[in-house]
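Engineer: Below are the sequence and a predicted model for it; my questions follow.
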Amino acid sequence: MKENICTIPINDLFKPKDGCPICRMEKMLEETYVDFVVGDAMMEPNIRIETNKKGFCHRHFSKMFSAGQKLPNALIMESHLKSVIDSVLPKKAGTKPDKKSLEKITELSESCYVCDRIDRDIHHLLATVFSEYQKSDEFRTLYREQPFICLNHYAYIMKDAMGKHGIGSKFMKQFNEDTYKLTKNYLLKLKDDTTYFCSMFDYRNKGKDFGESRDALERSIEYLTKEKP
């Protein structure tokens with residue numbers, strides 16, 4: 001497949017054939033934006049306005065703290081806390097909060113600058129995946145050779161594939177079949193490994209090798225929840 005500035009990151013994400021390629025896509029974007037926020041973006045007024053407004057989820061606050069030095073994180077936190085105090089709380093103690101202020105607090109608890117950037121950019125990357133799938137035999141083969149697509153990303157990628165910038169009618173049936181197989185076959189593998197793992201606690205199987213079933217529970221949890229136990 002001929003590479004250009006759009007396809008290079010897609011190739012890099014699909015070539016390792018290690019786990020779910022969409023998970024790798026999210027991880028790449030997450031690492032990029034966490035480093036960006038505590039690095040070059042820290043002193044950019046436009047970025048600071050956005051981070052003050054949206055804040056970060058617990059996961060990304062924690063990753064920022066691990067990735068950056070304490071002072072950049074403290075400066076980001078300082079201005080975000082000031083924004084929270086100024087924008088969502090009543091100005092005086094004892095003042096009854098209005099409905100709008102309470103809604104802002106709820107929105108703030110559910111918002112995250114890094115999550116929003118990942119969600120925006122992953123749609124662009126998926127549009128490139130769809131484009132490459134439709135024009136390149138080599139990429140279609142690479143796509144089919146992935147170990148699996150996790151359950152959450154099966155829903156995610158199929159919604160985008162059926163959308164405005166998704167897969168055209170000529171390739172939709174094949175793409176649907178390929179993506180379905182990548183998800184279903186691995187689910188069956190997990191189910192078989194878990195069943196075998198359970199059978200190893202039968203006294204009649206004492207002494208037998210657990211084989212690949214040894215970490216079936218861990219792999220199943222990671223697959224279904226996107227988090228390692």
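Structural biologist: All right, it came through fine. For clarity, every value in this text was computed on a predicted model and none was experimentally measured.

Engineer: Identify the spatial nearest neighbour of residue 171, chain neighbours not counted.
Structural biologist: Spatial nearest neighbour of residue 171, chain neighbours left out: residue 134 (5.0 Å); criterion: CB to CB, 6 or more residues apart in numbering. Every residue, glycine included, has its C-beta placed from N, CA and C.

Engineer: Now do the one you found: how many residues are near it, please.
Structural biologist: Using other CB atoms under 10 Å, residue 134 has 17 neighbouring residues.

Engineer: next SSE after the helix or strand where it lies?
Structural biologist: Assigned by DSSP states H and E, residue 134 belongs to helix 113-135. Going down the chain from helix 113-135, the next helix or strand is helix 137-144, by DSSP H and E.

Engineer: Other residues contacting that next one?
Structural biologist: With CB atoms under 8 Å, 6 or more residues apart in numbering as the test, helix 137-144 has contacts from 1, 10-11, 14-15, 129, 132-133, 174, 178, 181-182.

Engineer: swap in stretch 184-195?
Structural biologist: With CB under 8 Å, 6+ apart as the criterion, stretch 184-195 contacts 147-149, 151, 212-213, 216-217, 219-220, 223.

Engineer: hang on, the earlier thing: pLDDT averaged over the helix holding residue 134, what's the number?
Structural biologist: Averaging pLDDT along helix 113-135 gives 94.

Engineer: and residue 181, what is it in contact with?
Structural biologist: residue 144.

Engineer: Pull up the gap between it and residue 104, please.
Structural biologist: 45 Å (CB to CB, to the nearest Å).

Engineer: Show me the contacts of stretch 184-195 that map onto helices.
Structural biologist: Residues of the contacts of stretch 184-195 located in helices (DSSP state H): 151, 216-217, 219-220, 223.

Engineer: In JSON lines: these, plus distance to residue 140 and neighbour count.
Structural biologist: Below are these laid out as JSON lines (distance: CB to CB, whole Å; neighbours: other CB atoms under 10 Å):
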{"residue": "151", "distance to residue 140": "22", "neighbour count": "17"}
{"residue": "216", "distance to residue 140": "31", "neighbour count": "21"}
{"residue": "217", "distance to residue 140": "34", "neighbour count": "15"}
{"residue": "219", "distance to residue 140": "27", "neighbour count": "19"}
{"residue": "220", "distance to residue 140": "29", "neighbour count": "18"}
{"residue": "223", "distance to residue 140": "24", "neighbour count": "20"}
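
Engineer: got TSV for those, with distance to residue 19 and pLDDT too?
Structural biologist: Output for the ones in helices among the contacts of stretch 184-195, formatted as TSV (distance: CB to CB, whole Å; pLDDT from 0 to 100):
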residue	distance to residue 19	pLDDT
151	13	91
216	16	95
217	17	93
219	10	92
220	14	93
223	9	87
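
Engineer: follow-up on the earlier one: pretty sure the residue nearest to residue 171 sits against residue 169.
Structural biologist: No. The criterion here is CB atoms under 8 Å, and residue 134 misses it with residue 169 at 10.7 Å.

Engineer: Much appreciated, bye for now.
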